[in-house]
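A.B. asks: Pasting the sequence and the predicted model now:
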2 protein chains.
Amino acid sequence: MAKGFQAAAVSAGIKKNGKKDLALIVSDAPAAVAGVFTRNRVQAAPVVLDRQRLAGGTCRAIIANSGNANCATKQQGIADAVAMTRSVSDALEADPQHVMAASTGVIGVPLPVDKILSAVPDLVAALDPDGFADAAEGIMTTDTKAKLVRRQEKIDGQSFQITAMAKGAGMIRPDMATMLCFVCTDIDMDAPSLQQALAYANERSFNRITIDGDTSTNDTVLVMANGRSGAAARTPEQKDVFSGLLAGGLEELARKIVADGEGATKCVEIAVINAHNEKAARQAADTVANSNLVKTAFYGEDANWGRILAALGRAGVEFDPERVDIWFGDVRMVENGAGCGDQTEAAATQVLRNEEFSVFIDLKSGTARASVLTCDFSVDYVKINADYRS
Amino acid sequence: MAKGFQAAAVSAGIKKNGKKDLALIVSDAPAAVAGVFTRNRVQAAPVVLDRQRLAGGTCRAIIANSGNANCATKQQGIADAVAMTRSVSDALEADPQHVMAASTGVIGVPLPVDKILSAVPDLVAALDPDGFADAAEGIMTTDTKAKLVRRQEKIDGQSFQITAMAKGAGMIRPDMATMLCFVCTDIDMDAPSLQQALAYANERSFNRITIDGDTSTNDTVLVMANGRSGAAARTPEQKDVFSGLLAGGLEELARKIVADGEGATKCVEIAVINAHNEKAARQAADTVANSNLVKTAFYGEDANWGRILAALGRAGVEFDPERVDIWFGDVRMVENGAGCGDQTEAAATQVLRNEEFSVFIDLKSGTARASVLTCDFSVDYVKINADYRS
């Protein structure tokens, strides 16, 4: 694990089922901090608070609860978010401005802040360098698995580490950060450089996944760098080493989020190649990746390329439908806009039986490319979301 | 029924289950014709053909098959569409340019045109002034009910009628015509005026419904006016009478399509009021109406207004989240961006138990409004679409 960090989680009684619902991550020393947040116009109270505090560039701790989003809760919501961070800064004797908050769960219900404040002493007492798995569990909502990754690299012979956790499941869409992700690293790096590295890594990971086309009001990614490893990123080359490592870690988390999408049984990469520009490639990939008809066909293991072609046609992207090729894995099913025949169908169906596969869409109208990770759309997605609050 | 029209349907063996899959509508005399089509960049062969023939302004007959979309079938598809219209013009001794075609079903499979050509003699022999219910059945795919409406009105004491059929079910979305709709009227009206009336009626009906956010490659609405009633629309006032009647008929068909959406159990109007302009109102209504999370909550009869607020927040529309009111029917659940408390929850849940209800979203940022009809998102939608081709 990254040096100089501790984490913990407890059950504060916010979730009705008694599971862990309050997590804390603490750096031994004040750390440089970077963050990206939801672009939804409706923003949860902790997002509003964190945006303000991020300007200071320094963070000691992040407190996060699941089971309640603290969103659409107005001034009381802000006061509650401040109170939960204040209880942590009091316990740690830290600067109150150096504690961030995050919440995930139901929107529009007042945060049970008393339960949180009562649980903070136990939470602080439980802090442990090996507490990250617990913390990753504490931020879960409809996730079925805790998501934790580690990465290690060297700069000038000096090792440093990244420990990163995330939760996802529903309301994931490109162009937004994931639901919640917290990254601890023991490299020494200034806050503006850390922010650049996060922007780079976020664009290659969380901004390339989609589950259901909806977007959370609470999406938050925070990175803390405390410098405790002795490794430092000062030169552009050193910063690139860190950015690359961070991107790899977040990509793995992004893949875990898609694979654990609500009701998902498959993780599918939609890669659009030879588009006339990158925006078009992205828009085409995004439209296909968000099509309910395409996603239900994946669930049914049905190589229904007609739905992919129909989604491309409404993507608002210029291309010639009579030149498009579509591949399922290494099986070309469509050549120049027409099906390749029944013998490819059986081979493509074999590809669709895998838990992970790629669909390549060759627009033959340029050289740009983009890819988006999506999941299939199952009966369980509907069941989970029809019953979520009850 | 509108005078001077006959219709029929037979089973040509395109559908595997032996149900009716080939329909024909014929006007005794050449009729003025108007049409609107899908805006998908990928367009089925019959859509390409009809667009060309529409320029002539005259139509005698429409032949439509279900079970195969004749889309992504290239030059052979065009040749097949021409062949199916030619067999009808030969049988009726009509001008080949005066026959339109439509297809609906699976994309990317060659049209079994021989089956169609073999069935045309029986189809023509079955033509009957009372054959419209059969024809409406012949164009169904995953629809569970045939959709047929009639309207009657007078101009200068002279009665005229509209007989209209449609099929819908999946791949429905605003800004596109519905899957297939054919309208027969015995009014006397020139083709350009008929086109204006259709554009007006289409905007208030099929362009205001959504089922799954996907868009067909085959959407077609055709109106034939043969003048056989003796009523004529010549003055602007007379044309308005016709436009109003047509809009009412298409609105009823649109509502039937949503109520029979794939797997739908509820028909819900999303009305956005007091937006700063109509485009914003429409965009906000459309985003809420297409949100999977909102639609699954409707299915679960869960008054989860937080999901509506989150969808509004990502709609790309300017508004102040702290001023929004949200009503389920006559129950206000959100006032100025915050929930109205637990007692409204029970009342709102009662509203959601209905098969039809409205959600009003008051943005309080202007005077513009727009509404979209949508359905809920059920487990059956996924089952239907995972298994569609198999």
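C.D. replies: Great, that's in hand. Residues are numbered from 1 along each chain as shown, chains lettered A, B, ... in the order given.
A.B. asks: going forward, measure contacts between C-alpha atoms and count neighbours the same way
C.D. replies: Fine.
A.B. asks: can you tell if stretch A:273-283 touches chain B?
C.D. replies: No: contact of stretch A:273-283 with chain B (C-alpha under 8 Å from any C-alpha of the partner chain) is absent, the minimum separation being 14.0 Å.
A.B. asks: Quick one: end-to-end distance for that stretch.
C.D. replies: 12 Å (C-alpha to C-alpha, to the nearest Å).
A.B. asks: Without its sequence neighbours, what residue ends up closest to the residue in the stretch 1-150 of chain A that chain B sits nearest to?
C.D. replies: Distances between the stretch 1-150 of chain A and chain B by C-alpha to the nearest C-alpha are smallest at A:Arg41, namely 4.3 Å. What sits nearest to A:Arg41 in space, not counting adjacent residues and going by C-alpha to C-alpha, 6 or more residues apart in numbering or on different chains, is B:Gly313, at 4.3 Å.
A.B. asks: Assign the residue of the stretch 1-150 of chain A closest to chain B to helix, strand or coil.
C.D. replies: At A:Arg41 the chain is in coil, as set by DSSP: H, G, I helix; E, B strand; the rest coil.
A.B. asks: per-residue pLDDT, it?
C.D. replies: On pLDDT, A:Arg41 comes in at 85.
A.B. asks: same thing with A:Thr38?
C.D. replies: A:Thr38 is given a pLDDT of 84.
A.B. asks: That one: what's its closest spatial neighbour, skipping adjacent residues?
C.D. replies: In space, A:Thr38 is closest to A:Asp219, 4.7 Å off (C-alpha to C-alpha, 6+ apart).
A.B. asks: chain center to stretch A:265-276, what's the gap?
C.D. replies: 18 Å (C-alpha atoms, centre = their mean, to the nearest Å).
A.B. asks: returning to what we had before: count the neighbours of the residue nearest to A:Arg41 for me.
C.D. replies: 25 (other C-alpha atoms under 10 Å in any protein chain shown).
A.B. asks: Next, give phi and psi for it.
C.D. replies: The phi/psi pair for B:Gly313 (degrees, to the nearest 10) reads phi -60, psi -30.
A.B. asks: Can you give me every residue that contacts it?
C.D. replies: A:40-42, A:217, B:321 (C-alpha atoms under 8 Å, 6 or more residues apart in numbering or on different chains).
A.B. asks: nearest to A:Val379, of those?
C.D. replies: A:Val379 lies nearest to A:Thr217 out of those, by C-alpha to C-alpha, at 25.1 Å.
A.B. asks: tally of neighbours for the closest one?
C.D. replies: 33.
A.B. asks: May I have the predicted confidence score for it?
C.D. replies: 79.
A.B. asks: right, and it touches A:Pro46 too?
C.D. replies: No: here A:Thr217 does not reach A:Pro46: they are 10.2 Å apart, not a contact under C-alpha atoms under 8 Å.
A.B. asks: residues near the residue nearest to A:Thr38, how many?
C.D. replies: 27.
A.B. asks: Please apply the same query to the one 3 residues further on.
C.D. replies: For A:Leu222, the count of nearby residues is 23 (other C-alpha under 10 Å).
A.B. asks: Kindly report the same for the one 4 residues further on.
C.D. replies: Residue crowding around A:Asn226 was assessed by other C-alpha under 10 Å; the count is 28.
A.B. asks: what's it in contact with, if anything?
C.D. replies: Residues A:4, A:27, A:29-32, A:185-188 are the ones in contact with A:Asn226 under the rule C-alpha under 8 Å, 6+ apart.
A.B. asks: would you list these in a markdown table and tack on distance to A:Ala289 and neighbour count?
C.D. replies: Output for these, formatted as a markdown table (distance: C-alpha to C-alpha, whole Å; neighbours: other C-alpha atoms under 10 Å in any protein chain shown):
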| residue | distance to A:Ala289 | neighbour count |
| --- | --- | --- |
| A:Gly4 | 40 | 18 |
| A:Ser27 | 38 | 24 |
| A:Ala29 | 42 | 17 |
| A:Pro30 | 41 | 20 |
| A:Ala31 | 37 | 28 |
| A:Ala32 | 36 | 26 |
| A:Thr185 | 32 | 31 |
| A:Asp186 | 36 | 26 |
| A:Ile187 | 36 | 28 |
| A:Asp188 | 38 | 20 |
